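Engineer: The following block contains a protein sequence and its predicted model.
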Number of protein chains: 2
Amino acid sequence: MFSKACEYGIKASIFIAINSQEGRRVSPREIAEEINSPKAFTAKILQALVRQNVIKSVQGAYGGFEIDKKDIQNIKLSQIVNAIDGDNIYNGCGLGLHSCDENHPCPVHDKFIKVRAELKQMLETTNLEQLALDIKSGVSFLKV
Amino acid sequence: MFSKACEYGIKASIFIAINSQEGRRVSPREIAEEINSPKAFTAKILQALVRQNVIKSVQGAYGGFEIDKKDIQNIKLSQIVNAIDGDNIYNGCGLGLHSCDENHPCPVHDKFIKVRAELKQMLETTNLEQLALDIKSGVSFLKV
DNA sequence: TATAAATAGGATAATTTTATCCGAAATAAA
DNA sequence: TTTATTTCGGATAAAATTATCCTATTTATA
């Protein structure tokens, strides 16, 4: 469904959100441990999320990655997915046609509409605050 | 969403179904032209579908790929997807956790349930006959 | 100002996916 | 039985994704 990079990006963002809520910056090493991902690769993904203004980084000693507290509830999964995988997953054609729409649909166009609308809606209405809350309360998990 | 191989596999199966309904066998060359895919790669995918008993092949002169007429309405998209991509797309964890279920859910487990159920249901209820019909009547398209 | 601790970023490697090529085996028909 | 046609299968290659390593740059603090 999502690329590995995107999976790591989502989990990393949740972990950063949790820590930012408590005023703590985190490093790629810490993140990678917590979400069970390769450190250097995760660092690259974090850099991409910074460039796309999803998260912030502070260089130098006592630096790390963070998210402005007030932004946490406004960052939607869709922003993270878009930043890493683009919007092809819910806007592209399910069978890879270059142009696929009502006028020139692929064989599964109609059947896919519901699935993709559901996915899009889910990604656009789920924010980091909700996801962070479940992790903090032990309801959901970032690894294993 | 699906791999390229799976996209080709689905489109190829539809084209084979259409031709089998008219008692015609088709070659990888013909299929690749019709669905706009690389010929040799498509041939490999067809071989895989044969091994998994989704389609049939006849070797030698006047041979080619075909599907038993009576099977066309019974072959579901899910069989093709399963044969090529496996069932990870609707059974695996959305964030790649090795074990993710109600007792140990990933952060998006609940939110994904609907999307994946929708996808699974769609794949399991869509058969090749329906899809072939739309192509034949010019309602949907296999390429461009 | 020097030092230590961080992210940034380039180079490279490993793995997976996608794609190509070619000879072997099968088979219908001449 | 020969020939032409066709799938099968192995070997490679190309491209994309995933992963690692090393150095440069930034920055707080001693």
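Structural biologist: Yep, it's here.
Engineer: Show me the strands in chain A, by range?
Structural biologist: A:56-58, A:64-66 (DSSP state E).
Engineer: tell me what the first one is packed against?
Structural biologist: Counting contacts by 3 or more CB pairs under 8 Å, 6 or more residues apart in numbering or on different chains; DSSP states H and E, strand A:56-58 packs against helix A:39-51, strand A:64-66. Just so you know, the C-beta spots here come from the backbone N, C-alpha and C atoms, and that holds for glycine as well.
Engineer: try the last one
Structural biologist: Secondary structure elements in contact with strand A:64-66, counted by 3+ CB pairs under 8 Å, 6+ apart, are helix A:4-21, strand A:56-58.
Engineer: For the residue in chain A sticking out farthest from the centre, what are phi and psi?
Structural biologist: For chain A, the C-alpha lying farthest from the average C-alpha position belongs to residue A:103; by CA atoms, centre = their mean, that distance is 32.6 Å. Note on residue A:103: its backbone torsions stand at phi -80, psi -20 [degrees, to the nearest 10].
Engineer: Distance of it relative to DNA strand C?
Structural biologist: In this view, residue A:103 and DNA strand C are 26 Å apart by CB to the nearest atom of the strand, to the nearest Å.
Engineer: One more: residue A:127?
Structural biologist: 23 Å.
Engineer: The closest residue to residue A:12 other than its chain neighbours: what's it in contact with?
Structural biologist: Taking CB to CB, 6 or more residues apart in numbering or on different chains, and ignoring the residues beside it in sequence, residue A:12 has residue A:31 as its nearest neighbour in space, at 5.0 Å. Residues in contact with residue A:31, defined by CB atoms under 8 Å, 6 or more residues apart in numbering or on different chains, are A:12, A:15, A:16, A:37, A:42, A:46, A:65.
Engineer: ok, and of those residues, which contact DNA strand C?
Structural biologist: The overlap between the contacts of residue A:31 and the neighbours of DNA strand C (CB under 7 Å from any atom of the strand) comes to A:46, A:65.
Engineer: Make TSV from the contacts of residue A:31 and add neighbour count and pLDDT to it.
Structural biologist: Listed next are the contacts of residue A:31 as TSV, based on neighbours: other CB atoms under 10 Å in any protein chain shown; pLDDT from 0 to 100:
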residue	neighbour count	pLDDT
A:12	26	99
A:15	23	98
A:16	29	99
A:37	24	98
A:42	21	98
A:46	25	98
A:65	25	98
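Engineer: what would the contacts of residue A:31 look like in a markdown table with distance to residue A:133?
Structural biologist: A markdown table is the format used below for those (distance: CB to CB, whole Å):
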| residue | distance to residue A:133 |
| --- | --- |
| A:12 | 17 |
| A:15 | 13 |
| A:16 | 15 |
| A:37 | 22 |
| A:42 | 23 |
| A:46 | 22 |
| A:65 | 20 |
